[in-house]
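In: The sequence and its predicted three-dimensional model are supplied below.
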Amino acid sequence: MAAIEVHNLSKCYGGVRALDSVSFAVERGELFGLIGPDGAGKTTLFRLLATLLNADEGVATVDGFDIKSDYRAIRSRVGYMPGRFSLYPDLSVEENLRFFAALFGVTIEESYDLIAPIYKQIEPFRTRRAGKLSGGMKQKLALSCALIHRPSVLFLDEPTTGVDAVSRSEFWDMLAGLKKRGITILVSTPYMDEASRCDRIALCNEGHILGIDTPEGIVRGFDKKLYGIGAKNMYALLERARRADGVEDCYPFGEKHHLVADEGFDKGRFKALLSDVEGLEIVEAEPTIEDMFIKLMKR
Amino acid sequence: MRTFIVLVQKEFLQIRRNSFLPKLIIAFPILVMLLMPLIMTMDVRNVNVAVVDLDRSTTSRRIASHIEASEYLMLAHTTAEYPLAMDALEQGTVDVIVQIPADFERDMTVATPERISITANAVNATKGGMGMQYVVQTIAKTLAELRGEKSPANMSELVTVENRFNPTLNYRHYMIPALMIILFILICGFLPALSIVGEKESGSIEQINVTPISRFTFTLSKLVPYWIIGLFVVTIAMLVARLVYGLVPVGSIGAIYLGALLFILTISGFSLTIANFSETMQQAMFVMFFFIMIFMLMSGLLTPVDSMPVWAQRFTLILPPRYYVEILRSVYLKGTTIAELWTNFAALGGFALIFNTLAALTYKKQA
């Protein structure tokens, strides 16, 4: 049985369908990523699975328990880390941890081996008030608190938003460590580059799941030829390229533009057509998850 | 049980960590009890009186000197011209004018004299009315004295007055119980609501909601600290009343504490119910304030319920402070026992049950 199973789950806020008939399953011990921009419905999905919201339609189970009828059982076996820091800012690091341990009827010592790799980094500041910690330390404390009762499933809602690049990378290393200990992790992120750290990912947009696969599988699904193009005047280039023959799509991508080629595209002809563009260069590019996301979103 | 203790400990820790709350909890009751009884007084003092003396006799001078001697009245002017006194009344420097007609003393002994006329400024109805009464009493006393001196057979007084339970008609003794209730409303009414809404604003309630803690346990853990604080506040207030104003309850202290406990339960449950329906501090504050205004003005704290219109008197039956103010005043001033006041205690108990159940039921762990 899968750790998380979701069938046709829907949730409306007023007239807005935040989550529209979403289905997926997460295997035990899997690190599963929900990738998508703000407003994709990621937080709503987390709140439903963490039993903070009631679904309008559909069913879901977490660790084999129904989110509606067995919500009590779920609360004692999942760890939830909301997107916003929501521990007590006026309690110290250690007080927060001890408090949440007590709520679950455990002690810090009992779970120390599990949280140690994370907690050790903030232990020197254990008397500092949580509200006075830096962003990365707050996030480590929140993760320690979410792990204190040895949950079998971990929900992490945008844990790396607003965290510097080094801390983000460290955080994913910590998740990899937790995964090794058999914890199922459902994590969301708006950053496409983090997707490759997941076992499988679901691309979400506007309440729908556009595709689910391994990061490599997602990229492999990009069946068109992709080029990176550049010139002195990037904006004019974008306009011209979009009007050129055989160009399915062209969009800014980092310092280059990515050009999705149709069957009728010919590199030589494209260059000839845009010969008056100063500093034109065109090279073949490897598709990324972001390219796939843009492609799926436009469909 | 262990989780409950941990939750309560956390509440106290948070209160202690707050830079403002502990000071408020200690200083606020003391300040209110020290200052407010001096300020909130309905005793009318310093009534300025102008005497228009057209008689210029021993009697008229005796009346003026008695007015001057009264602790409530101040002799502002003595003049022989009514228009002058009237000007002063219009300017507000004089509250009451006493005009003693010419030949008052002579006529008094021989025939029916022309009457003394009293004019009062009644813009402030209480001050005008009371001032007028004091003046009438003072004059009547003076005249009685004069008559007594003339006929040595002392006329026995025809009326005796006794003020039961508050012999000196001390308004403070009436107000102090009301002030204690205002303290409860502010400390045990506002603070729990702010504490819950504060958790909503900081998001920490989300973390609590995903734990197996039941909503009853969580709600109770929010209340217990304020019950303890409330009992602490009533103790401070009673001490100040005793040490500063010499006001010792005639009845049992146990009755006061039992009433306090029930009232604190009621008001804090009420406050949590409001918190459950509020998303922000402003919202909670405004809704609380709306109800507190009604509580303060309609529960008989400041003005007696008996003098309200009948429909308003009926309405006061659903206001919890009404019952506690009655308990406090009767126990403090009359020494009424719990058995005699059982309907009030029962009403408070009922309110406590209703509001706390409502608070626990409306607290949603799921939306």
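Out: That came in fine, so what should we check first?

In: Residue in chain A with the shortest distance to chain B?
Out: Chain B sits closest to residue A:86 of chain A, with a gap of 3.4 Å, by C-beta to the nearest C-beta. (C-beta placed from N, C-alpha, C; glycine too.)

In: Model confidence for the residue lying closest to that residue once chain neighbours are set aside, exactly?
Out: With C-beta to C-beta, 6 or more residues apart in numbering or on different chains as the measure, residue B:203 is the residue that lies nearest to residue A:86, at 3.4 Å, once sequence neighbours are left out. pLDDT for residue B:203: 86.

In: cool, residue B:153 as well?
Out: So residue B:153 comes in at 54 (pLDDT).

In: for residue B:159, same thing?
Out: Predicted confidence (pLDDT) at residue B:159: the value is 62.

In: what's next to stretch A:46-65, contact-wise?
Out: A:1, A:3-12, A:19, A:21-23, A:44, A:66-68, A:71, A:73-75, A:77-78, A:80, A:82, A:152-153, A:155, A:157, A:184, A:186, A:188, B:206, B:209-210, B:365-367 (C-beta atoms under 8 Å, 6 or more residues apart in numbering or on different chains).

In: Repeat that for stretch B:201-213.
Out: Stretch B:201-213 is contacted from outside by A:50-52, A:72, A:75-76, A:78, A:80, A:82, A:84-89, A:100, A:103-104, A:145, B:3, B:7, B:196, B:199, B:218, B:280-281, B:365-366, using C-beta under 8 Å, 6+ apart.

In: List the buried residues of the top helix by length along chain A.
Out: When chain A is parsed with DSSP state H, its longest helix is helix A:165-180. Using 16 or more other C-beta atoms under 10 Å in any protein chain shown as the test for burial, helix A:165-180 gives A:167-168, A:170-172, A:174-175, A:178-179.

In: returning to that earlier point: mind checking which of the contacts of stretch B:201-213 land in helices?
Out: Judged by DSSP H, the subset of the contacts of stretch B:201-213 located in helices is A:72, A:75-76, A:100, A:103, A:145, B:3, B:7, B:196, B:199, B:218, B:281.

In: Chain A contacts on the stretch 201-350 of chain B?
Out: Where the stretch 201-350 of chain B comes near chain A, counting by C-beta under 8 Å from any C-beta of the partner chain, the residues are B:202-213.

In: which one of those sits closest to chain A?
Out: Sorting these by distance to chain A puts residue B:203 at the head of the list, at 3.4 Å, by C-beta to the nearest C-beta.

In: Now tell me what touches stretch A:127-142 from outside.
Out: So stretch A:127-142 is contacted by A:81, A:85-94, A:96-97, A:118-119, A:121-122, A:125, A:159-160, A:162-164, A:167, A:170-171, A:174, B:17 (C-beta under 8 Å, 6+ apart).

In: hmm, try it at 6 Å
Out: Outside stretch A:127-142, the residues within contact range by C-beta atoms under 6 Å, 6 or more residues apart in numbering or on different chains are A:81, A:85, A:87, A:89, A:92-93, A:96, A:118, A:121-122, A:159, A:162-163, A:167.

In: Report the buried members of those.
Out: For these, a burial check counting by 16+ other C-beta under 10 Å picks out A:81, A:85, A:87, A:89, A:92-93, A:96, A:118, A:121-122, A:159, A:163, A:167.

In: least confident pick among those residues?
Out: residue A:163 (82).

In: rewinding a little: which one of the ones in helices among the contacts of stretch B:201-213 is nearest residue B:85?
Out: Closest to residue B:85 out of the ones in helices among the contacts of stretch B:201-213 is residue B:281 (55.7 Å), distances taken as C-beta to C-beta.

In: what sits against the closest one?
Out: By C-beta under 6 Å, 6+ apart, residue B:281 lies in contact with residue B:197.

In: Quick check: which ranges of the stretch 151-300 of chain B have low pLDDT?
Out: Across the stretch 151-300 of chain B, the ranges flagged by pLDDT under 70 are B:151-161, B:167-169.

In: Go ahead and confirm residue A:36 touches residue A:204.
Out: Yes. Between residue A:36 and residue A:204 there is a contact under C-beta atoms under 6 Å: 3.5 Å.

In: Between those two, which contacts overlap?
Out: With C-beta under 6 Å, 6+ apart, residue A:36 and residue A:204 have no common neighbours.

In: Okay, and the beta partners of residue A:251?
Out: Residues in a beta bridge with residue A:251, per DSSP bridges, are residue A:258.

In: who's in contact with the lowest-mean-pLDDT helix or strand in chain A?
Out: When each helix and strand of chain A is scored by mean pLDDT, DSSP states H and E, helix A:267-273 comes last, with a mean of 85. Residues outside helix A:267-273 that contact it (C-beta under 6 Å, 6+ apart): residue A:244.

In: buried stuff in it?
Out: Applying 16+ other C-beta under 10 Å to helix A:267-273 flags A:270, A:273 as buried.

In: Among the residues of the stretch 201-350 of chain B next to chain A, which one sits closest to residue B:356?
Out: Of all these, residue B:356 sits closest to residue B:213, with 17.3 Å by C-beta to C-beta.

In: what's the neighbour count on that closest one?
Out: 19 (other C-beta atoms under 10 Å in any protein chain shown).

In: again, but for residue B:357
Out: By other C-beta under 10 Å, the residues close to residue B:357 number 13.

In: Write out the residues of the stretch 101-250 of chain A neighbouring chain B.
Out: A:102-103 (C-beta under 6 Å from any C-beta of the partner chain).

In: now do 10 Å
Out: Proximity of the stretch 101-250 of chain A to chain B (C-beta under 10 Å from any C-beta of the partner chain) is limited to residues A:101-105, A:129-131, A:142, A:145-146, A:149, A:151, A:155.

In: Select only the buried ones of those in PyMOL?
Out: Buried subset of those, written as a PyMOL selection, criterion 16+ other C-beta under 10 Å:
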select buried, chain A and resi 101+102+103+104+129+130+142+145+146+149+151+155
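
In: Kindly reformat the residues of the stretch 101-250 of chain A next to chain B as a markdown table and extend each row with pLDDT.
Out: Converted to a markdown table, those look like this (pLDDT from 0 to 100):
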| residue | pLDDT |
| --- | --- |
| A:101 | 93 |
| A:102 | 92 |
| A:103 | 91 |
| A:104 | 91 |
| A:105 | 90 |
| A:129 | 94 |
| A:130 | 92 |
| A:131 | 90 |
| A:142 | 93 |
| A:145 | 94 |
| A:146 | 94 |
| A:149 | 93 |
| A:151 | 94 |
| A:155 | 95 |
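
In: State the distance from the residue nearest the centre of chain B to chain A.
Out: The structure's chain B has its C-alpha centroid closest to residue B:175; by C-alpha atoms, centre = their mean the separation is 3.6 Å. Residue B:175 sits 37 Å away from chain A, going by C-beta to the nearest C-beta, to the nearest Å.

In: so how far is the helix or strand hosting residue B:206 off the chain centroid?
Out: Per DSSP states H and E: residue B:206 is located in helix B:204-209. The chain centre lies 41 Å from the centre of helix B:204-209; the measure is C-alpha atoms, centre = their mean, to the nearest Å.

In: buried sites along the strand or helix carrying residue B:353?
Out: With elements taken from DSSP H and E, the one containing residue B:353 is helix B:342-362. Neighbour counts over helix B:342-362 (16+ other C-beta under 10 Å) mark B:344-345, B:347-349, B:351-352, B:355-356, B:359-360 as buried.

In: got it, and stretch B:320-340?
Out: B:320-333, B:336, B:338.

In: start to end distance for that stretch?
Out: Start and end residues of stretch B:320-340 are separated by 18 Å (C-alpha to C-alpha, to the nearest Å).

In: Walk me through the domains of the chain.
Out: Answering for chain A, as no chain was given. Domain segmentation of chain A under automatic domain parsing yields A:4-214, A:221-297.

In: oops, chain B please
Out: With domains defined by automatic domain parsing, chain B comprises B:47-158, B:168-362.

In: most packed of the ones you listed?
Out: Comparing those by mean neighbour count (mean count of other C-beta atoms under 10 Å in any protein chain shown), domain B:168-362 comes out on top with a mean of 19.

In: now stretch B:39-49: mean pLDDT?
Out: The model assigns stretch B:39-49 a mean pLDDT of 78.
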